[in-house]
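**Q** Model the following, please.
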Amino acid sequence: MIQAADIREWRNHDVVDPKQRKIGLLEAIYVDTTTDEPAMATVRTGLLTRQRLVFVPLDDAILGPTYLKVSYAKGLVKKAPSIGTDDVLPAEQEEAIFQHYGLTYQPGAKGERQLARR
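**A** Numbers count the residues shown, from 1 in each chain. Got it, this is the predicted structure:
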C-alpha cells in the first residue's frame, strides 16, 4: 500500500492513467478519516491561466520513477468533480466525487466527512 508520506514527496510530479497518458500534476492527498489511509488525490489540470483540481481515487495506484499511475482513464478523471486551485472541498460535494467513480460514500456515524486533506 502507498503511504501518504510517500505520495506527498511526489507533489508536482505527473499523474498518468493506465495507458501512461498524462492527466496532470499531483497537488494533494486526501485520506479516509476512518482509516487515515490515502484515499484520493487532487490533480492539477487545465491551461496555465485556468487550472483546477480534479479528484481521483488512489486504489491500485502505483508510484513509478517519475509519476503516479492511477487506475482510472484520463477522460473519466478530467470529468470528475473539481475545485479551484485555492479552494477547499465543500462537505456537500464530497459524495459527488465518490458517485462519479462508482464508489460507495460512507460518512461517519455522526455525519463526519469521509475525506481529509493531508
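**Q** Contacts for stretch 75-82 next, please.
**A** The contact list for stretch 75-82 (CB atoms under 8 Å, 6 or more residues apart in numbering) reads 17, 23, 43, 45, 52-56, 70, 93, 96-97, 100-101. Where C-beta positions appear, they are placed from N, C-alpha and C, glycine not excepted.
**Q** So which residues of the protein form strands?
**A** Using DSSP state E, the strands of the chain run over 14-16, 22-32, 38-47, 50-57, 62-63, 67-69, 82-84, 115-117.
**Q** Dump these into TSV; add mean pLDDT as well.
**A** As requested, the strands of the chain are arranged in TSV below (pLDDT from 0 to 100):
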stretch	mean pLDDT
strand 14-16	96
strand 22-32	92
strand 38-47	91
strand 50-57	93
strand 62-63	86
strand 67-69	93
strand 82-84	90
strand 115-117	84
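**Q** coming back round to it: which one among the contacts of stretch 75-82 gets closest to residue 11?
**A** Among these, residue 43 lies closest to residue 11 (CB to CB), at 11.1 Å.
**Q** wait, doesn't the closest one sit right on residue 27?
**A** Yes. Applying CB atoms under 8 Å, one finds residue 43 in contact with residue 27, separated by 6.4 Å.
**Q** Would you mind listing the residues touching both of the two?
**A** Residues touching both residue 43 and residue 27 (CB under 8 Å, 6+ apart) are residue 53.
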